[in-house]
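[1] How does the following fold in three dimensions:
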Amino acid sequence: MICILAAGKTTAIAATAFTLSWTHSVEKTRWEEQWRAGPAGLTVTQGRIEGSGAGMEPPEGARLVDGAYVYTLDRPPIPELALAASGATGGGWHFCAKGAPCIDLGEAAADPIRLHWCKAP
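    Predicted coordinates:
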């Protein structure tokens, strides 16, 4: 289960994987990451960047597929993912998990949004 803490409330999503996507604030291109969630934490596994530019250089091994740099990652799990919500980027993050409605996060200035693995109630 994935828990999202935003605006002082927690939302639990019954899923073990999710996609997080957003528009880069300077280059105005889409960035997307695939994540897994489990008792060890959250693990980013794959990314997709529609272009390159300021602060969004594709990592080594990325390949250009249908106009986007696609890459896989081998990173250890993290206990929590904090998303800054400045409200100054023209948009936030789009969170999608299979079997649940997609959620837009961090569109307005607020405290950071926190995502983490949580046990089912």
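
[2] Centre of the chain to the lowest-mean-pLDDT helix or strand in the chain, how far?
    Sorting the helices and strands of the chain by mean pLDDT, DSSP states H and E puts strand 81-85 at the bottom, at a mean of 86. Centroid displacement of strand 81-85 relative to its chain, using Cα atoms, centre = their mean, to the nearest Å, is 9 Å.

[3] List the pairing partners of the helix or strand following it within its sheet, with orientation.
    Next in sequence after strand 81-85, counting helices and strands by DSSP states H and E, comes strand 93-96. Here strand 93-96 is paired, per DSSP bridges, with strand 17-23 (antiparallel), strand 103-105 (antiparallel).

[4] From residue 121, how far off is the spatially most central residue of the chain?
    For the chain, the residue nearest the mean C-alpha position is residue 20 (3.0 Å; Cα atoms, centre = their mean). Spatial separation of residue 20 from residue 121 under the definition Cβ to Cβ, to the nearest Å is 24 Å. Any C-beta I mention is one placed from the backbone N, CA and C, and that applies to glycine too.

[5] In the protein, where is pLDDT below threshold?
    25-27, 53-56, 85-90 (pLDDT under 70).

[6] all strands for it, in order.
    2-6, 9-13, 17-23, 30-38, 41-49, 63-65, 68-72, 81-85, 93-96, 103-105, 110-117 (DSSP state E).

[7] Let's have the ones you listed in TSV, adding distance to residue 57.
    Putting the strands of the chain into TSV (distance: least, Cβ to Cβ, whole Å) gives the following:
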stretch	distance to residue 57
strand 2-6	29
strand 9-13	31
strand 17-23	17
strand 30-38	12
strand 41-49	9
strand 63-65	13
strand 68-72	9
strand 81-85	20
strand 93-96	20
strand 103-105	25
strand 110-117	25
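
[8] How many residues are close by the residue nearest to residue 118 when sequence neighbours are not counted?
    Closest residue to residue 118 apart from its sequence neighbours, by Cβ to Cβ, 6 or more residues apart in numbering: residue 3 at 3.8 Å. When neighbours are defined as other Cβ atoms under 10 Å, residue 3 has 16 of them.

[9] Nothing else from me, thank you.
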